[in-house]
Each structure stands twice: as C-alpha cells, then as structure tokens.
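A.B. asks: From the sequence below, what's the structure:
(chains A and B)
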Amino acid sequence: NAGVTQTPKFQVLKTGQSMTLQCAQDMNHEYMSWYRQDPGMGLRLIHYSVGAGITDQGEVPNGYNVSRSTTEDFPLRLLSAAPSQTSVYFCASSYSLGNTEAFFGQGTRLTVV
Amino acid sequence: QQQVKQSPQSLIVQKGGISIINCAYENTAFDYFPWYQQFPGKGPALLIAIRPDVSEKKEGRFTISFNKSAKQFSLHIMDSQPGDSATYFCAASKGNTGNQFYFGTGTSLTVIP
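C.D. replies: Residues are numbered from 1 along each chain as shown, chains lettered A, B, ... in the order given. Here you go, the predicted model:
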C-alpha cells in the first residue's frame, strides 16, 4: 500500500514550457486535490475532484488544468509555465464526503526559470 | 484574503516545555479543524482534528482547544520533544466539501534539547 505517490519529485522548467505532474493513490479514495505550498502562505487549493469525471476549481486555479479519468489518478497540467508557478506541489486524497483525513503525497518541487 | 490566520510564524521551546500555536477563522460554516504536521521534504500528515461540538480534544501530548464563540482554536504540545520539531499547519473545512481545506500559514517549531 503506497498511499499517495507523486512524480517527479523535482523539476526545472523554462518559462512557457508545459508539463504534467502525476499523482496516483491506491487507497480507493473518492476525493483528490492539488495544493501548492509557498513560503509564508501555507497550502492553497488549486483544483479538486470528488470522483472520476468530476473536477472543480479551488482558490488558485489559473494556469493549471486537471482531469480525473480514473479513481486512482489525478494529474495536474501546467499549460505554459511562469516563474510565479515556482512552488512545491502536493497531491492529497481522502476517503469520502464530509470531513475526513487527507493523505498527502511527498510533493513535487517545481522551479520555473 | 487568508481564511485561517495562524500565529506565531516560528516558535522555539525548551525540551519538556509547552508549545502553543493559535489559529483564528472567520467563516462560521467551517465545521472541521485539523492540525497537520510537516517534516522537511515530506508531505503534511494529520496530527489531530476537532469538530466544533466539543471544546477540547486530547491525543497523547497533543491537545486542541476550541472556542466557537471567539472563532479560535489552538494546538498545545505538552512535554515538547526535539522530535516534535517540524512545521505545523492549522486548517478548516466545510462539512460537505471533501478535501477543500483552508490552511493557515504555518508555524515552524524548534524544540531545543
């Protein structure tokens, strides 16, 4: 049982490049989400999904796309990377509707130059 | 606008002392208040959580105190240990919204041996 797995762990992009951050969970959780963590700002929600085929925007969705074709996977796409997207990205999952524990991956540290 | 305000930003405590971290919120629709612990290079992990129908919850050396009328909650770490040195985040969410957490800005705790 690996929990929430994120790849890659580190990535450097040039401004304007695109890439996909991968997230997979093996706990059969319905709910998955993406957060970014920036110094002094805590974690902020980018996008979330309440089940396969259903996604919605969080606090800071601009510049990011998501899709959820399976229960297990929830990739985050950066369409045209900008230096402001330099951050640590965390994927999280939880079991069900309502307030339950969120399990986080180990993060992807992204630098956009 | 920060929905959950956290203080202090950093905290240094002697081994065996009490660490106290405070959070405040504005949205009275929040009904779940978890605390997450994060070690360097790792994702956040749930430490303890409380719902507003109780004023206190204790798990081992960790206690959440909750003041619904003041819209404040705090984490107390008794008998602080060097292994408790980490960043702590408070968070809040609304009951039927899955993983949509609003996080505080984090407190870096250092426990000196």
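A.B. asks: Residue A:106: neighbour count?
C.D. replies: 17 (other C-beta atoms under 10 Å in any protein chain shown). For every residue, glycine as well, the C-beta is placed using N, CA and C.
A.B. asks: Could I get the contacting residues of the residue nearest to it when sequence neighbours are not counted?
C.D. replies: Of all residues not flanking residue A:106 in the chain, residue B:43 sits nearest, at 5.2 Å (C-beta to C-beta, 6 or more residues apart in numbering or on different chains). Neighbouring residues of residue B:43 by C-beta atoms under 8 Å, 6 or more residues apart in numbering or on different chains: A:4, A:90, A:92, A:104-107.
A.B. asks: Between all of these, which two are separated the most?
C.D. replies: Greatest spatial distance among the contacts of residue B:43 (C-beta to C-beta): A:92 and A:106, at 11.5 Å.
A.B. asks: Show me which residues of chain A are close to chain B?
C.D. replies: Residues of chain A found near chain B (C-beta under 8 Å from any C-beta of the partner chain) are A:4, A:30-33, A:35, A:40-45, A:48, A:50, A:58-59, A:90, A:92-94, A:97-99, A:101-102, A:104-107.
A.B. asks: I'd like to know which of those are buried.
C.D. replies: Among these, those scoring as buried are A:4, A:30-33, A:35, A:42-45, A:48, A:50, A:58, A:90, A:92-94, A:99, A:102, A:104-107 (criterion: 16 or more other C-beta atoms under 10 Å in any protein chain shown).
A.B. asks: Strands - which of those land there?
C.D. replies: Mapping these onto strands (DSSP state E) picks out A:4, A:31-33, A:35, A:42-45, A:48, A:50, A:90, A:92-94, A:104.
A.B. asks: Okay, now the unreliable bits of chain B?
C.D. replies: Filtered on pLDDT under 70, chain B yields the residue ranges B:95-99.
A.B. asks: who in it is up against chain A?
C.D. replies: Residues of chain B lying near chain A (C-beta under 8 Å from any C-beta): B:2, B:4, B:6, B:9, B:31-32, B:34, B:36, B:41-46, B:49, B:51, B:89, B:93, B:95-96, B:98-106.
A.B. asks: taking the residues you listed one by one, which sit in strands?
C.D. replies: Mapping the residues of chain B next to chain A onto strands (DSSP E) picks out B:4, B:6, B:34, B:36, B:45-46, B:49, B:89, B:102-103.
A.B. asks: Go through those and name the one nearest residue A:14.
C.D. replies: Nearest to residue A:14, judged by C-beta to C-beta, of these is residue B:103 at 29.8 Å.
A.B. asks: List the residues that contact the closest one.
C.D. replies: Shown in contact with residue B:103 (C-beta under 8 Å, 6+ apart): A:35, A:42-44, B:4, B:36, B:89-91.
A.B. asks: Please tabulate these in JSON lines and include distance to residue A:21 as additional columns.
C.D. replies: Output for those, formatted as JSON lines (distance: C-beta to C-beta, whole Å):
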{"residue": "A:35", "distance to residue A:21": "12"}
{"residue": "A:42", "distance to residue A:21": "19"}
{"residue": "A:43", "distance to residue A:21": "15"}
{"residue": "A:44", "distance to residue A:21": "15"}
{"residue": "B:4", "distance to residue A:21": "25"}
{"residue": "B:36", "distance to residue A:21": "20"}
{"residue": "B:89", "distance to residue A:21": "21"}
{"residue": "B:90", "distance to residue A:21": "26"}
{"residue": "B:91", "distance to residue A:21": "22"}
